[in-house]
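J.: here is a sequence together with a model predicted from it:
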Amino acid sequence: MTELTKLAELEPRAFIEEAEALGELEEETLEAYALEHELEEEELAHLRAELEERGVEVISAPHAEPAARPAAPVSG
């Protein structure tokens, strides 16, 4: 079971406490939690506010940067 799955299955208070202990939470995890618990926009906003009050930083998951291709030589 992944960390994301474990967090998504927690009850709201436990989810907030676990996020607080970690100090940060990926946006993907928060969205998965909201989906799993069928949170309305207002409820999700309240959850975000609670996390912010507790000092939890919601971060974007790093995306892989596309590899840079070497520039083609300019002929002319």
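T.: It's in. Residues are numbered from 1 along each chain as shown.
J.: now do the contacts for residue 13.
T.: Going by CB atoms under 8 Å, 6 or more residues apart in numbering, residue 13 touches no other residue. (C-beta placed from N, C-alpha, C; glycine too.)
J.: helix or strand for it, which one?
T.: Applying DSSP states H and E as the criterion places residue 13 in helix 12-22.
J.: continuing past that helix, what's the next helix or strand?
T.: Moving toward the C-terminus from helix 12-22, the next element (DSSP H and E) is strand 24-26.
J.: show me what the helix ranked longest in the chain is packed up against.
T.: Secondary structure assigned by DSSP state H gives helix 41-53 as the longest helix of the chain. Helices and strands touching helix 41-53, by 3 or more CB pairs under 8 Å, 6 or more residues apart in numbering; DSSP states H and E, are helix 12-22, helix 27-36, strand 57-59.
J.: of all the ones you listed, which lies closest to residue 46?
T.: helix 12-22 (9.8 Å; CB to CB).
J.: quick one: the longest helix of the chain to helix 12-22, angle?
T.: Orientation check (axes from the mean of the first three to the mean of the last three CA atoms, to 10 degrees): helix 41-53 against helix 12-22 gives 40 degrees.
J.: wait, what's in contact with the closest residue to residue 22 other than its chain neighbours?
T.: The shortest distance from residue 22 to any non-neighbouring residue, by CB to CB, 6 or more residues apart in numbering, is to residue 56 (7.5 Å). Counting by CB under 8 Å, 6+ apart, residue 56 touches 16, 19-20, 22-25.
J.: report the buried members of those.
T.: Burial by neighbour count, judged by 16 or more other CB atoms under 10 Å, picks out 16, 19, 25 from the contacts of residue 56.
J.: ok, for the first one, nearest residue in space, not its chain neighbours?
T.: If the residues on either side of it in the chain are set aside, residue 16 comes closest to residue 50, at 5.7 Å by CB to CB, 6+ apart.
J.: so where is this protein shaky, pLDDT-wise?
T.: Applying pLDDT under 70 to the chain flags residues 1-8, 61-76.
J.: how much space between the residue nearest to residue 22 and residue 47?
T.: Separation of residue 56 from residue 47 (CB to CB, to the nearest Å): 10 Å.
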